[in-house]
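Chemist: Need coordinates for the following:
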Amino acid sequence: MKKNAPTESLDQTDLQLMRHLQDDGRLSNAKLAQRVALSETPCWHRLRKLESEGYIQGYQAMLDRRKLGLGELAFISLNFSPHTAEAFEALEKLVEANDQVLTCHRVTGEADFVMMVVAEDLDSVRDFIDKVLRTLPNVATVRTSLSLREVKFSSKLPLPA
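Modeler: Numbers count the residues shown, from 1 in each chain. Now for the predicted structure:
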């Protein structure tokens with residue numbers, strides 16, 4: 001860990017709490033307290049502190065996209081020309097409002113933005129590109145890569161030991 005890292009205000013108990021919650025976000029406060037050797041009230045107070053300080057941003061279930069009919073996972077790169085704040089803002093608003101977009105990043109390199117998108121099938125991927133992305137101002141190129149096999153999917157962050 002770097003010196004003066006944001007986690008230096010966290011102790012081992014805080015880190016253990018977050019590790020356990022990353023493994024199972026449904027743990028009751030009683031079970032969580034037991035696993036980190038705390039009584040329930042101090043455990044609850046620590047969790048509230050981690051939440052209020054933004055270390056824990058929420059809780060959600062991990063769903064199987066395939067079982068929900070979302071068989072395609074596409075990585076879509078966008079380039080804009082010219083680069084304008086208005087075009088980037090339009091993309092960001094569109095992405096925020098669209099549940100098909102799982103992640104979107106402004107990146108360095110060949111693309112301006114890269115996003116991960118789920119869809120029912122290839123036709124749905126094409127429709128998303130043609131009817132959603134290509135309607136944005138200043139879109140110059142759209143490149144798509146389809147996932148052939150998902151090797152790893154995780155939202156767990158590495159925490160310091």
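
Chemist: SS state for V142?
Modeler: strand (DSSP: H, G, I helix; E, B strand; the rest coil).

Chemist: in the sheet, who's paired with the residue most central in space within the chain?
Modeler: Note on the chain: the residue nearest the mean C-alpha position is T103, at 5.7 Å, using CA atoms, centre = their mean. In this structure, T103 bridges to M116 when assessed by DSSP bridges.

Chemist: Show the model's pLDDT score for it.
Modeler: With respect to pLDDT, T103 scores 97.

Chemist: Strands along the chain, start to end?
Modeler: For the chain, the strands defined by DSSP state E occupy 72-80, 101-106, 113-119, 139-146.

Chemist: Name every strand pairing with the longest one and say which way it goes.
Modeler: It refers to strand 72-80. Assessed with DSSP bridges, strand 72-80 is paired to strand 113-119 (antiparallel), strand 139-146 (antiparallel).

Chemist: For this structure, give me the ranges with low pLDDT.
Modeler: Along the chain, segments meeting pLDDT under 70 span 1-7.

Chemist: Outline the domain layout of it.
Modeler: For the chain, the structural domains run 9-52, 72-146, going by automatic domain parsing.

Chemist: Of those domains, which is nearest R65?
Modeler: domain 72-146 (5.4 Å; CB to CB). All C-beta atoms are positioned from the backbone trio N, CA, C, and that covers glycine.
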